[in-house]
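[1] I'd like to go over a predicted model; first the sequence, then the structure.
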Amino acid sequence: MAKKKKKFVKNSIVTMTELVLPQHTNQLGNLLGGQLMHWIDICAALAASKHSERVCVTASVDNIDFRQPIKLGDVVTLTASVNRAFNTSVEVGVKVIAQNFTKGKHLHTNSAYLTFVGVDDNGKPVKTFEIVPETDEEKRRYEEALQRRQYRLSSR
């Protein structure tokens, strides 16, 4: 049975904050890419689940852009929200900001797009809710999500 309930992008937002500790870094004192990908996946999954009101599993990761290294001692803030909902899947965008409080540094270091599918108790995909973008930025991300989905599907 299809769910008719509409939800807003602002209601899917999840923010996580992590401190980069020695076990998260490589020999250069930079955050390991795999650790950041783990945090991104968790934050995005929570946004997808918040929107879908169910467990959501990772279906794909489009890209993760690494713009700047994140250093030992930096505070990493990840903000995720649903860009667009399709039938059983949602695209989630994640923005990563690294801050160094003692140096006053604040950098947008990474962005990522992931697709999640909501599943039932048997692990079967189920329909999700429609999402309504309100701001100009949300509307832009909503339209771009369709373009990325079309590219994803054509690349299979």
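    Nice, I can see it. Numbers count the residues shown, from 1 in each chain.

[2] make it CA atoms for all contacts and neighbour counts henceforth
    Noted.

[3] hang on, Val119 packs against Ser52?
    No. Using CA atoms under 8 Å, Val119 makes no contact with Ser52, being 9.4 Å away.

[4] can you show me the helices along the chain?
    33-52, 136-154 (DSSP state H).

[5] flag every buried residue along the last one.
    Think helix 136-154. Residues 138-139, 141-142, 145-146, 149 are the ones in helix 136-154 that count as buried (16 or more other CA atoms under 10 Å).

[6] Thr109: which of the residues you listed is nearest?
    Arg141 (18.8 Å; CA to CA).

[7] could you pick out the longest strand of this structure?
    Longest strand in the chain by number of residues, with DSSP state E as the criterion: strand 105-118.

[8] looking at the chain, which helix or strand does the model trust least?
    strand 56-66 (a mean of 90; mean pLDDT, DSSP states H and E).

[9] for the chain, what are the low-confidence residue spans?
    By pLDDT under 70, the low-scoring segments of the chain are 1-3.

[10] again, 90 this time
    1-6, 62-66, 151-156 (pLDDT under 90).

[11] packing partners for the least confident helix or strand of the chain?
    For strand 56-66, the packing partners by 3 or more CA pairs under 8 Å, 6 or more residues apart in numbering; DSSP states H and E come out as helix 33-52, strand 105-118.

[12] the longest strand of the chain pairs with which strands, parallel or anti?
    Take DSSP bridges as the rule and strand 105-118 pairs in its sheet with strand 56-66 (antiparallel), strand 89-100 (antiparallel).

[13] the last one to helix 33-52, inter-axis angle?
    So the one you mean is strand 89-100. Angle between the axes of strand 89-100 and helix 33-52 is 130 degrees (criterion: axes from the mean of the first three to the mean of the last three CA atoms, to 10 degrees).
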